[in-house]
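**Student:** the amino acid sequence is not available; the structure is as follows:
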Ligand code: HEM
Ligand code: SF4
Ligand code: SF4
């Protein structure tokens, strides 16, 4: 790596060093308490998969360039030069971490390994060594925000086709406009994913609850966040913020996508609207008596996987359980406490990388499969697209014999007219 | 020999305290000059309020208790004993009546504190020889533990000699004369401090302690100051 590149990368590194990051980088005592916390290590016990070991890969470069010991006594903390080889190590550390932050629950200091990995990811972006596909997907999202007019017609035509499906299945609940789009003065802006499964059931529930809602032009998923690029993350986020402001909505409701929800909730800053997950909105409808569900639809044992970015990392924990009380007659907890739930193993962009990561995803999530199997559940539901894909893959790979479902779809299926 | 004793017991002590104090303050200032994280870093479903929860996390180490109970026992012993030792050292400067509510000879715990610390340090050291902790450890981790072990051993020796074997040449009064003279910036070395059979232990103890203090601001032991604010982030 030439000196100029190195200096540019170190500038990116420096930009990441806010108070919290410094605290995380300075405090680790390498006590190893986080060892058992990571599902990757628990499934494949190799030192390189320990949370602190991953963090140390970044920390070694930090020591080299941002601490005096790197200059005066580099061997003390095994400081490391930023080289091509170091980039490879950073890649392996960052893209074998799903950013679930389970290790943070174990650490006596609460060190956030996901945040430390965000340095690794940013350096990879800076060196053009990141998984290209993620950047490409992020750029597509951004382009869509910039030239909405080009996408508009196609989008509206697609929605018309979906409306027909909603009407066919939920005849009685369909309001005047089945899937409103671009509706000025709506109360709630629903940000979905590209895919009927994310729109049709949601529309049925909104209409059943007589919500004054509108569907966003944009898909919720934030590939910028997966690839760890703050600029792209922000641009993707701002498309939705802009739309919400333009329509004057009071609430932005994010579909079942963990990263999208956490990014929107925690990174959008103070806004004139509130941010909710669709799970929260559904729980509210039930509480307010706006929708009624039929629990006899799901008599089989059922369990719920808390998506890390929605539960542990954003606090939506009671709502899905409240919904499930009204939805299932034999609900079983996966983990003794929701913050200890194992990650599905698909976060941090791994599922978005598809086949390329499949083998790793299956091997690194053995403990997840076992956790699910132990409940004896026949249905496994969750509230995140990524988790759903990964859990479906696990279901197949480990022959768990489950039905993997979206919580929101189950709500729609159980609607009582 | 006299000169070496003098250098370790007087200028190096001053130097060590200056490096420790200034180093810590400057390092902390550098940290807090950075912009804060704009978004929350909280872990949810931890219902205790922010600062209170962070205090409990920092001083009782509940996560270690849950996930590594054996380590927790040694950590608690170690850190509590460390606190007792700091109090003990204060009493080497002068008598504090508040500390005498339970009447005792100087050094609380009759030498057991040093013994407990030694055992805890040996435990910390040996657990690092076993994988996977071994793969996580860097030289700093070993150096720190060895340095502390040496400091504690030589310190304890003097304490044990006095309280267990009735060694009477180096007395608490001698230490007080020496240490208070340092505080008052009129350094004096009473002849008992440099001339008795155990003086070499004192010199080694102070030497390693000085090294530890100098090392402190640049090492992971800064966790002593950082544990609370970093835990606060998790509590939101
Ligand atoms: C004067 C203050 C302190 C000193 C000198 C000190 C020193 C040490 C030392 C020497 C170790 C052993 C390191 C090792 O095993 O390699 C340690 C470990 C540890 N200390 Fe402290 N400590 C102090 C304060 C604190 C505080 C306030 C906390 C609160 C969270 C804390 C939490 C820990 C933890 C969690 C470990 C863990 C693990 C380990 O490395 O084995 N310490 N400390
Ligand atoms: S538990 Fe925390 S302090 Fe201990 S090694 Fe892991 S990250 Fe470091
Ligand atoms: S964030 Fe999750 S995947 Fe990453 S190191 Fe921690 S436990 Fe492992």
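**Tutor:** Looks like it came in fine. All values reported here derive from a predicted model rather than from experimental measurement. Ligands and ions are numbered 1, 2, ... in the order given.
**Student:** check contacts around the residue positioned nearest the centre of chain B.
**Tutor:** Within chain B, one residue has its C-alpha closest to the average C-alpha position: by Cα atoms, centre = their mean, that is residue B:82, at 5.5 Å. When contacts are counted by Cβ atoms under 8 Å, 6 or more residues apart in numbering or on different chains, residue B:82 touches residue B:117. Any C-beta I mention is one placed from the backbone N, CA and C, and that applies to glycine too.
**Student:** then it would be within a strand, right?
**Tutor:** No. Assigned with DSSP: H, G, I helix; E, B strand; the rest coil, residue B:82 falls outside any strand and is helix.
**Student:** all strands of chain A, in order?
**Tutor:** Counting by DSSP state E, chain A has strands at residues A:188-191, A:213-215, A:251-254, A:274-277, A:302-305, A:331-332, A:379-382, A:403-406.
**Student:** show me what the third one pairs with in its sheet, parallel or antiparallel.
**Tutor:** Going back to what we said before, that points to strand A:251-254. Strand A:251-254 pairs in its sheet with strand A:188-191 (parallel), strand A:274-277 (parallel), by DSSP bridges.
**Student:** out of these, deepest packed?
**Tutor:** Mean neighbours per residue, mean count of other Cβ atoms under 10 Å in any protein chain shown, is largest over these for strand A:188-191, with a mean of 25.
**Student:** for it, the distance to its chain's centre please.
**Tutor:** Chain-centre distance of strand A:188-191: 18 Å, with Cα atoms, centre = their mean, to the nearest Å.
**Student:** count the residues that sit near residue B:156.
**Tutor:** Neighbourhood size, residue B:156 [other Cβ atoms under 10 Å in any protein chain shown]: 22.
**Student:** phi and psi next, for it.
**Tutor:** Main-chain torsions, residue B:156, degrees, to the nearest 10: phi -60, psi -40.
**Student:** skip the chain neighbours and tell me the closest residue to it.
**Tutor:** residue B:114 (3.0 Å; Cβ to Cβ, 6 or more residues apart in numbering or on different chains).
**Student:** from residue A:60, how far off is that neighbour?
**Tutor:** In this view, residue B:114 and residue A:60 are 35 Å apart by Cβ to Cβ, to the nearest Å.
**Student:** show me what the one helix or strand in chain A whose mean pLDDT sits lowest is packed against.
**Tutor:** Each helix and strand of chain A was given a mean pLDDT (mean pLDDT, DSSP states H and E); the minimum falls on helix A:148-169 at a mean of 86. For helix A:148-169, the elements it packs on are helix A:196-208, judged by 3 or more Cβ pairs under 8 Å, 6 or more residues apart in numbering or on different chains; DSSP states H and E.
**Student:** in the chain, where is pLDDT below threshold?
**Tutor:** Went with chain A since none was named. Within chain A, the stretches with pLDDT under 70 are A:171-176.
**Student:** nope, chain B
**Tutor:** Applying pLDDT under 70 to chain B picks out residues B:45-47.
**Student:** residues of it that sit close to ligand 1?
**Tutor:** Contact residues (Cβ under 6 Å from any ligand atom) of chain B with ligand 1: B:58, B:61, B:64, B:75, B:79, B:82, B:124, B:141, B:144-145, B:148, B:221, B:223-224, B:227.
**Student:** from those, which is closest to residue A:296?
**Tutor:** Distance to residue A:296, by Cβ to Cβ, is smallest for residue B:64 among the residues of chain B next to ligand 1, at 46.2 Å.
**Student:** nearest residue to the closest one in space, please, no chain neighbours.
**Tutor:** residue B:72 is the one closest to residue B:64 (Cβ to Cβ, 6+ apart), at 4.4 Å.
**Student:** is that neighbour located within a helix, as I assumed?
**Tutor:** Yes. Assessed by three-state DSSP, residue B:72 belongs to a helix.
**Student:** that one touches residue B:65, doesn't it?
**Tutor:** Yes. Shown here, residue B:72 and residue B:65 form a contact pair, counting by Cβ atoms under 8 Å, at 4.3 Å.
**Student:** from ligand 1, how far out is residue B:49?
**Tutor:** 18 Å (Cβ to the nearest ligand atom, to the nearest Å).
**Student:** relative to residue A:225, how far out is that residue?
**Tutor:** Shown here: residue B:49 relative to residue A:225, a distance of 30 Å by Cβ to Cβ.
**Student:** these two: which has the busier surroundings?
**Tutor:** residue A:225 (27 against 10).
**Student:** any idea how far that one is from ligand 1?
**Tutor:** Residue A:225 is 31 Å from ligand 1, by Cβ to the nearest ligand atom.
**Student:** quick revisit: from the residues of chain B next to ligand 1, which land in helices?
**Tutor:** Within those, residues falling in helices by DSSP state H are B:58, B:64, B:75, B:79, B:82, B:124, B:141, B:144-145, B:148, B:223-224, B:227.
**Student:** neighbours of the closest residue to residue B:143 other than its chain neighbours, how many?
**Tutor:** Nearest non-adjacent residue to residue B:143, counting by Cβ to Cβ, 6+ apart: residue A:76, 7.3 Å away. Counted with other Cβ under 10 Å, residues neighbouring residue A:76 total 20.
**Student:** which residues does residue A:76 contact?
**Tutor:** Per Cβ under 8 Å, 6+ apart, neighbours of residue A:76: A:69, B:138, B:139, B:140, B:143.
**Student:** how does it look with 7 Å?
**Tutor:** Contacts for residue A:76 (Cβ atoms under 7 Å, 6 or more residues apart in numbering or on different chains) come out as A:69, B:139, B:140.
**Student:** for ChimeraX, write the select line for the buried members of the residues you listed.
**Tutor:** Entered in ChimeraX, the line below selects the buried ones among those, by 16 or more other Cβ atoms under 10 Å in any protein chain shown:
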select /A:69 /B:140
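**Student:** next, format the contacts of residue A:76 as TSV and append distance to residue A:313.
**Tutor:** Putting these into TSV (distance: Cβ to Cβ, whole Å) gives the following:
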residue	distance to residue A:313
A:69	33
B:139	35
B:140	31
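**Student:** ok so, going back, so which of the strands paired with strand A:251-254 is nearest ligand 3?
**Tutor:** Closest to ligand 3 of these is strand A:274-277 (Cβ to the nearest ligand atom; 20.5 Å).
**Student:** skip the chain neighbours and tell me the closest residue to residue A:68.
**Tutor:** Leaving aside its sequence neighbours, residue A:68 sits nearest to residue B:218 (Cβ to Cβ, 6+ apart; 6.7 Å).
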